[in-house]
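Student: output the structure for:
(2 chains)
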Amino acid sequence: MATSSTTLVIASSSGIGSSIAQRLRDRGDHIVQIDPAFDLTNAESVGQELRSLSEGRVIDRVVFAAIDPSAFRAAPITSLDESEWDQAAEYPMRAAFIVLQQIHSVIADGGRVILVLPTVVATGVSGLVPLCSAVEAIRVMAKAVARRWGVRSITVNTIEVELSAFMLGDDDPNGVEIPAVPVLGQPSLPAGSAVDDVLGLIDMLATPAAGAITGALLVADRGTVMQP
Amino acid sequence: MSGLSGLMEGRVVFVTGAAAGVGRGVATAFGSAGAIVGLGVRRPEAAEETAAEVTAAGGIPVILRCDVTDAAQSAAAIEQLIRDFRRLDAVVHNAVSGRSSEATDFENTTLDEWEDHAAVTVRATWRLAVQSYPHLQKSKGAYLLMSSPAGIEGSERAPFYSAVKAAQRGFVRALAREWGPDHIRVNSVAPLAISPALENMKILEPERVKRIEGLVPLGRLGDPETDIGPPSVFLCSDEARYVTGQTLVVSGGRFTSL
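Tutor: As a prediction, the model looks like this:
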């Protein structure tokens, strides 16, 4: 379903965010993309970059999929020093704050903000305490923002996908071994493309009918983790 | 409080932010359960009333200077308990930023305000866990975080407070798995209770407090000692030996779908 919207994608050069950006670009959407190598915690430069990239266009949609793969490296919390804790846990939280804050001035009324996060908090994952802390903080920050921006008919929702989707296209993800997420069994649905699954939800959230959905969590993991 | 009697007899508990509000009530409840209660506070003189309440309840208070954003202070507080009592059975991290009750202008504020919240509620949550780990491992103890319903529902007025409290929920779920093999239990309580901030709100915005109370099926805000204290003690006691990775919402029924 091609659209004429301008979508801002904040994603790394690999993984599901980048794949989403490419697929949207392939079908003719206008895409502006910020790589997380950019310092997302610098409000001034993020704001300037957003204004520059959008070239005066109004942003209709924002897809935030910028969790750095380094946060997926499993390690006991007792082995982390303060810098490692900060990088894996607190930097993503600060980045989400600054990006959401700066989006506010460039996104159109009625716009859609979609955060794509790994589905790790529903079960909790040993070795990924920083990541689980960051993901839940960002998800609830998004809910708070959804409440604040509802007056402008802007919706803010979260899509969670399996952790492995964040490694898409990464032949050598810096030696990061994907930790096992504790689930009872295999996905309930047949295997498929996580990118397709997420794109379908992004398109659905862009429809007028989805204008009443905000602050929601949509889990696109093919039934691997069914939340109580 | 008789239901708590003896539940933590001879056990050593460290409560941060124990000078007032929920921390003070929880500390007193641990006193009622017979515990030795380390009262972590930034200014020791501010904990004297809490200490008296713990003593009156039947516990043994130990006032500890502990600004949780200062790694050396929290390490020294834990070491003092170990030196004096040779054990640590539970840590209750309750301290929050002094700005927790302030509204956050999310669209216009700076990282400085975020840092105030993150230092106390996110970084100190991690650091206290690391510092207490060898002792909790030895006692097969418990780590309890005082979270908030805001950390589940997301507060329009307090997006930073909501986010850092949510971080604690994610932390609990993951660390419960990580520390399960050590038999250390990790849980959180999300209380709706009278706090200094709410007391202040009663004066400044009485209608708002009435509105909140009207949303509580039990018709009132919780009392820190008698409503929030007992479930907190329970979660740190042997009676909750099979409970880990949970967030217990103690809100008089205000939040039933979290």
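Student: show me where pLDDT drops low in chain A?
Tutor: A:1-5, A:36, A:168-178, A:183-185 (pLDDT under 70).
Student: in it, which helix is the longest?
Tutor: Counting residues, the longest helix in chain A under DSSP state H turns out to be helix A:129-149.
Student: now the helix or strand immediately after that helix in the chain against helix A:129-149, angle please.
Tutor: Toward the C-terminal end, the helix or strand that comes next after helix A:129-149 (DSSP states H and E) is strand A:155-161. On the basis of axes from the mean of the first three to the mean of the last three CA atoms, to 10 degrees, strand A:155-161 is oriented at 160 degrees to helix A:129-149.
Student: residue 186: which element?
Tutor: You didn't pick a chain, so chain A it is. Using DSSP H and E, A:Gln186 maps to neither a helix nor a strand.
Student: that's the wrong chain, I meant chain B
Tutor: Taking DSSP H and E as the criterion, B:Val186 maps to strand B:185-191.
Student: now that strand - C-alpha only, CSV.
Tutor: Extracted in CSV, the C-alpha atoms of strand B:185-191 (Å, rounded to 0.1, in the frame of the first residue of the first chain):
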residue,chain,number,x,y,z
ARG,B,185,14.2,-12.9,44.9
VAL,B,186,13.6,-9.6,43.1
ASN,B,187,10.2,-7.9,43.2
SER,B,188,8.6,-4.5,43.2
VAL,B,189,5.6,-2.8,44.8
ALA,B,190,3.6,-0.2,42.9
PRO,B,191,1.9,1.7,45.7
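Student: list of residues touching that strand?
Tutor: B:22, B:141-149, B:151-152, B:165, B:168-169, B:172, B:175-176, B:179, B:222, B:224, B:227-228, B:231-232, B:235, B:240-241, B:243-251, B:255, B:258 (CB atoms under 8 Å, 6 or more residues apart in numbering or on different chains). Bear in mind the C-beta positions are built from the backbone N, C-alpha and C, glycine included.
Student: what about those, which are in strands?
Tutor: B:Ala142, B:Tyr143, B:Leu144, B:Leu145, B:Met146, B:Thr247, B:Leu248, B:Val249, B:Val250 (DSSP state E).
Student: and the third one, how far is that from chain A?
Tutor: In other words, B:Leu144. Look at B:Leu144 and chain A: by CB to the nearest CB, to the nearest Å, they are 16 Å apart.
Student: same question for the last one.
Tutor: Distance from B:Val250 to chain A, counting by CB to the nearest CB: 19 Å.
Student: surely that residue and B:Pro230 touch.
Tutor: No - between B:Val250 and B:Pro230 there is no contact under CB atoms under 8 Å: 9.2 Å.
Student: residues in contact with B:Leu4?
Tutor: B:Ala29, B:Ser32, B:Ala33, B:Gly229, B:Pro230, B:Val233.
Student: does the last one really touch B:Gly6, like I thought?
Tutor: The one in question is B:Val233. No - using CB under 8 Å as the test, B:Val233 is too far from B:Gly6 to be in contact (11.0 Å).
Student: ok so, going back, so the longest helix of chain A, near chain B or not?
Tutor: Yes - against chain B, helix A:129-149 shows contacts by CB under 8 Å from any CB of the partner chain at A:129-148.
Student: so what's residue 11 closest to, chain neighbours aside?
Tutor: No chain specified, so I'll use chain A. Counting by CB to CB, 6 or more residues apart in numbering or on different chains, A:Gly17 is the residue found nearest to A:Ala11 once chain neighbours are left out, at 2.4 Å.
Student: my question was about chain B, not that one.
Tutor: Nearest residue to B:Arg11, sequence neighbours excluded (CB to CB, 6+ apart): B:Asp89, at 4.0 Å.
Student: what stretches of the stretch 151-258 of chain B score poorly on pLDDT?
Tutor: Using pLDDT under 70, the stretch 151-258 of chain B drops low at B:257-258.
Student: quick one on the thing from earlier: and the angle from the strand holding B:Val186 to strand B:142-146?
Tutor: For strand B:185-191 against strand B:142-146, the angle by the same axes, to 10 degrees is 20 degrees.
Student: who's in contact with residue 125?
Tutor: You didn't pick a chain, so chain A it is. A:Val125 sits next to A:Ala74, A:Leu131, A:Cys132, A:Leu163, A:Pro179, A:Ala180, A:Val181, A:Pro182, B:Ala174, B:Arg177 when contact means CB under 8 Å, 6+ apart.
Student: was after chain B, sorry
Tutor: The contact partners of B:Thr125, taken as CB under 8 Å, 6+ apart, are A:Ser133, B:His93, B:Leu145, B:Ala167, B:Gln168, B:Phe171.
Student: the same query, at a cut-off of 7 Å, please.
Tutor: B:His93, B:Leu145, B:Gln168, B:Phe171 (CB atoms under 7 Å, 6 or more residues apart in numbering or on different chains).
Student: buried ones in whatever helix or strand it lives in?
Tutor: In the assignment (DSSP H and E), B:Thr125 maps to helix B:124-139. Within helix B:124-139, the residues that qualify as buried are B:124-133, B:135-136, B:139, counting by 16 or more other CB atoms under 10 Å in any protein chain shown.
Student: kindly report the residues of the stretch 151-258 of chain B close to chain A.
Tutor: For the stretch 151-258 of chain B, the contact set with chain A under CB under 7 Å from any CB of the partner chain comprises B:151-156, B:159, B:162-164, B:166-167, B:169-171, B:173-178, B:245.
Student: coming back round to it: so the helix holding B:Thr125 versus strand B:185-191, what angle?
Tutor: 130 degrees.
Student: on that earlier part again, secondary structure element for the residue nearest to A:Ala11?
Tutor: Assigned by DSSP H and E, A:Gly17 falls in helix A:15-26.
Student: hmm, back to that, neighbour count winner among B:Val233 and B:Gly6?
Tutor: More crowded of B:Val233 and B:Gly6, by other CB atoms under 10 Å in any protein chain shown: B:Val233, with 29 against 12.
Student: for the closest residue to B:Ala29 other than its chain neighbours, what are its contacts?
Tutor: Of all residues not flanking B:Ala29 in the chain, B:Gly229 sits nearest, at 2.5 Å (CB to CB, 6+ apart). Listed by CB under 7 Å, 6+ apart, the contact partners of B:Gly229 are B:Gly25, B:Val26, B:Thr28, B:Ala29.
Student: helices - which of the residues you listed land there?
Tutor: Judged by DSSP H, helices contain the following of the contacts of B:Gly229: B:Gly25, B:Val26, B:Thr28, B:Ala29.
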